[in-house]
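**Student:** For reference, the sequence and a predicted model appear below.
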Amino acid sequence: LQLKMNEGRLTYDKPQPTQKKREYPWRISVVILGTVCLCLLISSIVFGYLFFQGTSKFKIQCEKDANKNAVSSKEVVDPSALPPTTGKGCYKCQGRWFCCGEKCYYFSEEEKTWDESEASCRLLGSHLAKIDNREEQNFIQSRLNYSYWVGLRKKGGQFLWVHQEDEKISSDLDFHMTTHLADAACGYIKPKLLNNAQCSRLFPYICKKNFTCLLTSENW
């Protein structure tokens, strides 16, 4: 107690309880900041792991695709090493070959002259495609978006299939001969018809060979 004299009277002041100093919330801030940092660290580890897994799977798939392409190239060059087909269905083969029964077709992407196209087919152990009948013509045309060279060429005033033995065009083929161009001596096929053009024009081409090829699980 604190005694005071005030105009002859004795008074006293009751001491006030001392106030505790207010603590700053720095401890709470530290806890929150630590929690956030821990969450960020865990997130970084998780994302890093997922990224590593994704790149590893992509690399493995690329290696598989590269090996598959290497095998496909060997199969195209050496068709005798391939297993026989089963059934009469049409299938997508490995590489750029497509088979229907024992007939296999190669649809090129590059554009060449007729002679260059025939030379490229020979490098693949085949020739520019010879179309035997209307059914085969319809089958090929159903898979076309552009014009493609085939093994048709003008000889002695008439168009013949010239890949092995000169053979006349089957009468049931839908062949529309262009007559206004004297040098339109080579045949090509497009989605709607079989036609002729100058041999120096640039078209992709279709090779054909009667051999069996390795089937994939993907049917046409």
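**Tutor:** Cool, got the structure.

**Student:** Check which helix or strand Arg27 maps to.
**Tutor:** helix 26-77 (DSSP states H and E).

**Student:** Mind checking the pLDDT average for that helix?
**Tutor:** Averaged across helix 26-77, pLDDT comes to 61.

**Student:** do the same with stretch 179-196
**Tutor:** 88.

**Student:** Could you write out the alpha-carbon coordinates of that stretch in CSV?
**Tutor:** The C-alpha coordinates for stretch 179-196 follow below in CSV (Å, rounded to 0.1, in the frame of the first residue of the first chain):
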residue,chain,number,x,y,z
THR,A,179,-6.6,-38.7,-124.9
HIS,A,180,-5.8,-35.0,-125.3
LEU,A,181,-2.3,-35.5,-124.0
ALA,A,182,-0.1,-37.5,-126.4
ASP,A,183,2.6,-38.1,-123.8
ALA,A,184,0.2,-39.2,-121.0
ALA,A,185,1.7,-42.7,-121.0
CYS,A,186,1.7,-43.7,-117.3
GLY,A,187,-1.2,-44.8,-115.2
TYR,A,188,-2.2,-43.6,-111.8
ILE,A,189,-5.1,-44.2,-109.4
LYS,A,190,-7.1,-41.7,-107.3
PRO,A,191,-10.2,-42.1,-105.1
LYS,A,192,-12.7,-42.0,-107.9
LEU,A,193,-11.0,-43.4,-111.0
LEU,A,194,-8.0,-45.0,-112.8
ASN,A,195,-6.4,-42.5,-115.2
ASN,A,196,-3.2,-41.7,-117.1
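
**Student:** List the contacts of that stretch.
**Tutor:** By Cβ atoms under 8 Å, 6 or more residues apart in numbering, the residues outside stretch 179-196 that reach it are 114, 129, 131, 137, 140-141, 144-154, 159, 173-178, 197-199, 201, 203, 206. (Glycine included, C-beta is placed from N, CA and C.)

**Student:** Restricted to buried residues, select these in ChimeraX.
**Tutor:** A single ChimeraX command selects the buried members of the contacts of stretch 179-196 (16 or more other Cβ atoms under 10 Å):
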select :114,129,131,137,140,141,147,148,149,150,151,152,153,154,159,173,175,197,199,203,206
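
**Student:** For the protein, which segments count as helices?
**Tutor:** For the chain, the helices defined by DSSP state H cover 26-77, 114-123, 134-141.

**Student:** Mind giving me the packing neighbours of the shortest one?
**Tutor:** Right, helix 134-141. Under the contact definition 3 or more Cβ pairs under 8 Å, 6 or more residues apart in numbering; DSSP states H and E, helix 134-141 sits against strand 186-189.

**Student:** Good, wrapping up.
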